[in-house]
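S.K.: fold the stuff below for me.
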Amino acid sequence: MSVTDIDAVDLAESVRTVRETEPLVQSLTNTVTINDVANVTLHWGGLPVMADSFGDAGEMADLARAVLINTGQVPDGRVEAMHEAGKKANERGIPVVFDPVGVGSTPSREAVAESLLSEIDFTVIKGNYGEISALAGVEAEVKGVESVGDYEEIERTARSLAESTGSIVVASGVDDVVTDADGAVRLTAGHEMLGEVVGTGCMLGATVATFCGALEDDHEAAVHGTLAFGLAGERAADLEYAGPGTYRTNFRDAVANVTSDTVGGPSLEERLEQVL
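M.R.: Take a look at the predicted model:
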């Protein structure tokens, strides 16, 4: 079945599988969003562990169902631990998700990303339009960790990165693009308030890693995880909120309460478009 042939029952079944499997997800992430990453992993039904020191990182990866590597902060010790955990995951054949936060903004971040890509086989690379473009060698404008500018060719750019790395690529933005070397799908889901909360990109990376840790098909996991995340963002906006703070709380509750009744009705086909 094509990933675009999806309804609420399919998506709810994926969420149910995540919650029944309870995948242990080893996340090496930044201290700014570490709590959000841990909580969204837990709310989807995964078991979060945030071991980010050399030795412990590899040992946890030896127990995990998936590994998330997020480069929001890149001190030498944590980068060393990222390499260790990623290589251990590759040895075991479990999914590794790469979230190259801020790549394209400084030479130091570019060097870290290049070193990780050269030594680790990533199942999924998830970044915003600017980060994905920078990794693909296309001109991008990244300020700090935020993507700015226009990316009219993001589908082709993301697919080019998928072809060169062998990874599934998730490019997040106003619409999200999920692609592998064979084709790209554009997903229409989410809410503008997600952009008003620091860390939602990191939480999307954690969501994809959690789904990959539970589902057998990595491409399906990337699509379903990204779609479920966006729909939870919409559901959070349907609830009363006063601003970004209460919306953030609503979003976490929406993730925890995703069911077939809260994922957009019986058909989600209009949410996914095959674009390449």
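
S.K.: quick check, central residue of the chain?
M.R.: Gly205 (2.3 Å; Cα atoms, centre = their mean).

S.K.: which residues touch Gly213?
M.R.: By Cβ atoms under 8 Å, 6 or more residues apart in numbering, Gly213 lies in contact with 18, 21, 23-25, 46, 64-66, 94-95. (Each C-beta comes from the backbone N, C-alpha and C, glycine too.)

S.K.: same check, this time on Glu196
M.R.: 244, 247.

S.K.: switch to 6 Å and redo it
M.R.: By Cβ atoms under 6 Å, 6 or more residues apart in numbering, Glu196 lies in contact with Pro244.

S.K.: sorry, back to before: which element is the residue nearest to the centre of the chain on?
M.R.: helix 200-214 (DSSP states H and E).

S.K.: which SSE is immediately downstream of that helix?
M.R.: helix 218-238.

S.K.: helices and strands around that next one, which ones?
M.R.: Applying 3 or more Cβ pairs under 6 Å, 6 or more residues apart in numbering; DSSP states H and E, one finds that helix 218-238 makes contact with strand 168-172, strand 176-180, helix 200-214, helix 244-256.

S.K.: now the helix holding Gly205: average pLDDT?
M.R.: On average, the pLDDT along helix 200-214 is 98.

S.K.: so how far is that helix off the chain centroid?
M.R.: Computed by Cα atoms, centre = their mean, to the nearest Å, the separation of helix 200-214 from the middle of its chain amounts to 4 Å.

S.K.: and the angle from that helix to helix 218-238?
M.R.: 140 degrees (axes from the mean of the first three to the mean of the last three Cα atoms, to 10 degrees).

S.K.: ok so, going back, which of the contacts of Gly213 sits closest to Ser118?
M.R.: Nearest to Ser118, judged by Cβ to Cβ, of the contacts of Gly213 is Pro95 at 19.0 Å.

S.K.: now distance to Leu194 too, for the helices and strands packed on helix 218-238, in CSV please.
M.R.: Formatted as CSV, the helices and strands packed on helix 218-238 follow (distance: least, Cβ to Cβ, whole Å):
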stretch, distance to Leu194
strand 168-172, 9
strand 176-180, 11
helix 200-214, 5
helix 244-256, 7
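
S.K.: of these, which is nearest Thr33?
M.R.: helix 200-214 (4.1 Å).

S.K.: residues of the closest one that come out buried?
M.R.: 200-214 (16 or more other Cβ atoms under 10 Å).

S.K.: how far does stretch 25-36 stretch from start to finish?
M.R.: For stretch 25-36, the first-to-last residue distance is 14 Å (Cα to Cα, to the nearest Å).

S.K.: which residues in this structure form strands?
M.R.: For the chain, the strands defined by DSSP state E cover 24-28, 47-49, 66-70, 96-99, 124-128, 141-143, 146-148, 168-172, 176-180, 183-187, 272-274.

S.K.: hey, C-alpha coordinates of the third one in CSV?
M.R.: Listed in CSV are the C-alpha atoms of strand 66-70, where the atom choice follows Å, rounded to 0.1, in the frame of the first residue of the first chain:
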residue,chain,number,x,y,z
ALA,A,66,16.0,3.4,18.2
VAL,A,67,18.6,6.2,18.6
LEU,A,68,18.1,9.9,18.1
ILE,A,69,21.1,12.2,17.5
ASN,A,70,20.3,15.9,17.8
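
S.K.: strand partners (parallel or antiparallel) of it?
M.R.: In the sheet, strand 66-70 lines up against strand 24-28 (parallel), strand 96-99 (parallel) (DSSP bridges).

S.K.: highest mean neighbour count out of these?
M.R.: Of the strands paired with strand 66-70, the one with the most neighbours on average (mean count of other Cβ atoms under 10 Å) is strand 96-99, at a mean of 30.

S.K.: state the mean pLDDT of it.
M.R.: Here the average pLDDT along strand 96-99 is 98.

S.K.: contacts for that strand, please.
M.R.: 67-70, 86, 89, 122-126, 205, 208-209.
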